[in-house]
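Participant: need a 3D model of the following:
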Amino acid sequence: MEYKIQYSKIKNIYINNDNGNVGFFSVISGNYTKIINFGIRGNIIANSAQSCGGIIGYLGRDLYISNCYNNCDIEADISGAYNGVGGIIGVSWGAIGGTVTIKNCYNTGKISLKNQSY
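Facilitator: Reported below is the predicted structural model:
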């Protein structure tokens with residue numbers, strides 16, 4: 001099954017999550033996903049998270065994303081050797097056995113890390 005998200009702009013979003021994978025889409029895994037012409041603005045706070053991204057927190061498989069942006073300020077407390085934070089995608093394991101294409105995407109949000117431990 002294929003999922004498609006097209007032509008969306010989300011403004012003034014506020015996400016505050018205390019664990020797991022954090023992002024507008026917390027986890028995308030399993031099926032081929034296509035995100036085109038998507039933008040997000042606001043604030044994301046991730047406390048004790050595994051991964052945090054403005055658009056996708058954790059990517060587990062195939063993805064095509066183009067003409068997208070993140071303008072969320074991200075404040076993240078990320079711990080663990082294989083965890084991370086990013087403006088578009090926090091952590092991607094999609095390249096292992098899958099295909100990930102990121103085209104014409106950008107981040108203008110501020111990313112702040114606190115209490116990093118590995």
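Participant: got the CA positions of the helix or strand S48 falls within in CSV?
Facilitator: Using DSSP states H and E, S48 sits within strand 32-53. As requested, the backbone C-alpha atoms of strand 32-53 are provided in CSV (Å, rounded to 0.1, in the frame of the first residue of the first chain):
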residue,chain,number,x,y,z
TYR,A,32,6.1,3.3,0.6
THR,A,33,5.3,6.9,1.5
LYS,A,34,5.3,10.0,-0.7
ILE,A,35,5.3,13.5,0.8
ILE,A,36,5.2,16.3,-1.7
ASN,A,37,4.8,20.1,-1.2
PHE,A,38,4.5,19.9,2.6
GLY,A,39,5.4,22.6,5.1
ILE,A,40,5.2,22.9,8.9
ARG,A,41,5.7,25.9,11.3
GLY,A,42,5.6,26.0,15.1
ASN,A,43,7.4,24.4,18.1
ILE,A,44,8.4,20.9,19.0
ILE,A,45,9.6,19.8,22.4
ALA,A,46,10.9,16.3,22.9
ASN,A,47,11.8,15.2,26.4
SER,A,48,13.6,11.8,26.8
ALA,A,49,13.0,11.0,23.2
GLN,A,50,14.6,8.4,20.9
SER,A,51,14.3,10.5,17.8
CYS,A,52,12.9,13.9,16.8
GLY,A,53,12.3,15.5,13.5
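Participant: for the residue nearest the centre of the chain, give the beta-bridge partners.
Facilitator: Note on the chain: the residue nearest the mean C-alpha position is I56, at 2.3 Å, using C-alpha atoms, centre = their mean. Under DSSP bridges, the beta-bridge partners of I56 are F25, I89.
Participant: hang on, the earlier thing: so which elements touch the strand holding S48?
Facilitator: Where contact means 3 or more C-beta pairs under 8 Å, 6 or more residues apart in numbering; DSSP states H and E, strand 32-53 is packed against strand 2-17, strand 20-22, strand 56-59, strand 63-66, strand 69-78, strand 84-86, strand 89-92. No exception for glycine: its C-beta is placed from N, CA and C like everyone else's.
Participant: mind checking which helix or strand of this protein has the lowest mean pLDDT?
Facilitator: Ranked by mean pLDDT, DSSP states H and E, the weakest helix or strand in the chain is strand 2-17, scoring a mean of 78.
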